[in-house]
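Enquirer: have a look at this fold, sequence not included:
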């Protein structure tokens, strides 16, 4: 086989691999395994599937993504957001007799993983990786925070040694409060030690595998002191290699087209979260290391990872930003580190007998802290400082997830993101070029009575013009012209932020030009790119203007106005010293 053909067989994430990277990848992979193994076991508790299913998510799915995906670092495995969405979705399917932690529940989880993989394959085929961008950062922060609160609530009963409850968040807390007399103080002790050890370890020794030490220590303590009868434990765990096959079989009682249709309602939400979270993770870490992110290739890798997850007896997998950050902190270079983690996890599944004595409270405490990390307090603070509207959207999304569930939350998150996109296009930022004290031109928020110079208004509209916002645009310009301190001689539209004008907007723009001309003023354009200029020519708008009033830049437009009306220039006015529009403020 020729060298070029061999090169094409090398996985994209391993292309150009250097031998000097091997040691760092192996060490990073071992550290990653120490964190990912107990976390994956915890995620299985969120999804209400056997513990070993959590371990399976970081074996074959991780290997498949490493061989297909393009991201050099992104860690693929079980994830708290998709695990919570999965559990909420299965509970909402309304299947008679379906209860959490049962074999039937696991079969549904496997089917949803397969359907999710299929949806991601379609997304890759249609190059729909960009759909992940329709969940804005503020919405994603709110969604993850709401998921965190929901997951934390679900772990409190196990940390107190109580039976888990289903239903709304209010009914769950009511069940907890009304059963405080049944608290198992042994479970509380294990949970408290776990929380203290993980919090102290994370603060004092960030690279120390505190979770592994706590898991092993609790198992040893239960075995040594015979506490299995006094503290709820995981119990018998079926280990070994995963079995392959279609969930539930295809025969009588198996899962067919009806079940696939039901699974799709949950899988769609999972696929959307995967697209958003994985795309953001892969892109951010690629940019950090000066690499290009091939999101569509990663979508293909995630499709394969979810398909193999479903066929091998486990649940939906996703790209994990927290574990990817850990891998980056440990100086991991490529997917070899993730393959190392998968090998270590494979060894662990052959020793699942010792997990039988693992207290449920320990797993619940680990998951509780994982969920706590989903609440990005600093993210909320940053949004509050930059844009209050988006802060409100983040809080609203979190409340929807907590009150109505994760499945409703993901749909609401997408709708809210799209509504915010429409709102920002419908009511974009509007600026008028003003003058600073030193004669420096600068953009200021457009308010009635604003003008750029005596007789001149330079108006900037930070959005495309289309049928929905064209009327508001025209009204804004006319109000500025009518309320200008001096009679307007020139109205200059700074079109540098516009990329398109649709047919409806072109008719409105034509009427506006006629209105300006009827007042004895000139309508001018500045900063029109060639594509927009061609659109305006086709729509006949340029024919309404004097060719001398179409300028390549705003600086050229200002100089032309000053040449025609030199008396309007204030002392020290410098058209070449333009400030960009001010940073968007919260409302």
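Expert: Looks like it arrived, so ask away. As the structure is a computational prediction, the values presented were derived from the model and not from experiment.

Enquirer: doesn't residue 571 belong to a helix?
Expert: No - Residue 571 is assigned coil when assessed by DSSP: H, G, I helix; E, B strand; the rest coil, not a helix.

Enquirer: for it, give me the pLDDT.
Expert: Listed pLDDT for residue 571 reads 78.

Enquirer: in the stretch 151-300 of the chain, where is pLDDT below threshold?
Expert: Low-confidence segments of the stretch 151-300 of the chain (pLDDT under 70): 166-167, 207, 237, 249-254, 284, 287.

Enquirer: residue 279 is in contact with residue 295, isn't it?
Expert: Yes - applying Cβ atoms under 8 Å as the test, residue 279 and residue 295 come out as touching, 5.0 Å apart. For every residue, glycine as well, the C-beta is placed using N, CA and C.

Enquirer: quick one, strands of the stretch 351-500 of the chain?
Expert: Assigned by DSSP state E, counting those that start in this stretch, the strands in the stretch 351-500 of the chain fall at 430-435, 441-445, 456-461, 490-494.

Enquirer: got a markdown table for those, with distance to residue 238 too?
Expert: Output for the strands of the stretch 351-500 of the chain, formatted as a markdown table (distance: least, Cβ to Cβ, whole Å):
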| stretch | distance to residue 238 |
| --- | --- |
| strand 430-435 | 64 |
| strand 441-445 | 65 |
| strand 456-461 | 63 |
| strand 490-494 | 67 |
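
Enquirer: okay, these in JSON lines with mean pLDDT, mean neighbour count and distance to residue 262 next?
Expert: Listed next are those as JSON lines, based on pLDDT from 0 to 100; neighbours: other Cβ atoms under 10 Å; distance: least, Cβ to Cβ, whole Å:
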{"stretch": "strand 430-435", "mean pLDDT": "85", "mean neighbour count": "21", "distance to residue 262": "48"}
{"stretch": "strand 441-445", "mean pLDDT": "83", "mean neighbour count": "17", "distance to residue 262": "51"}
{"stretch": "strand 456-461", "mean pLDDT": "92", "mean neighbour count": "24", "distance to residue 262": "47"}
{"stretch": "strand 490-494", "mean pLDDT": "94", "mean neighbour count": "25", "distance to residue 262": "53"}
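
Enquirer: which among the ones you listed is found nearest to residue 263?
Expert: strand 456-461 (45.7 Å; Cβ to Cβ).

Enquirer: got the angle for that closest one vs strand 430-435?
Expert: 140 degrees (axes from the mean of the first three to the mean of the last three Cα atoms, to 10 degrees).

Enquirer: which strands or helices does strand 456-461 pack on?
Expert: Judged by 3 or more Cβ pairs under 8 Å, 6 or more residues apart in numbering; DSSP states H and E, strand 456-461 is in contact with strand 430-435, helix 470-482, strand 490-494, helix 554-564.

Enquirer: if I pick the nearest residue to residue 255 once chain neighbours are set aside, what's in contact with it?
Expert: Using Cβ to Cβ, 6 or more residues apart in numbering and skipping the chain neighbours, the partner closest in space to residue 255 is residue 248 (4.3 Å). Contacts for residue 248 (Cβ atoms under 8 Å, 6 or more residues apart in numbering) come out as 104, 107, 111, 254-255, 259.

Enquirer: ok, now how distant is residue 248 from residue 74?
Expert: From residue 248 over to residue 74 the distance is 31 Å, taken as Cβ to Cβ, to the nearest Å.
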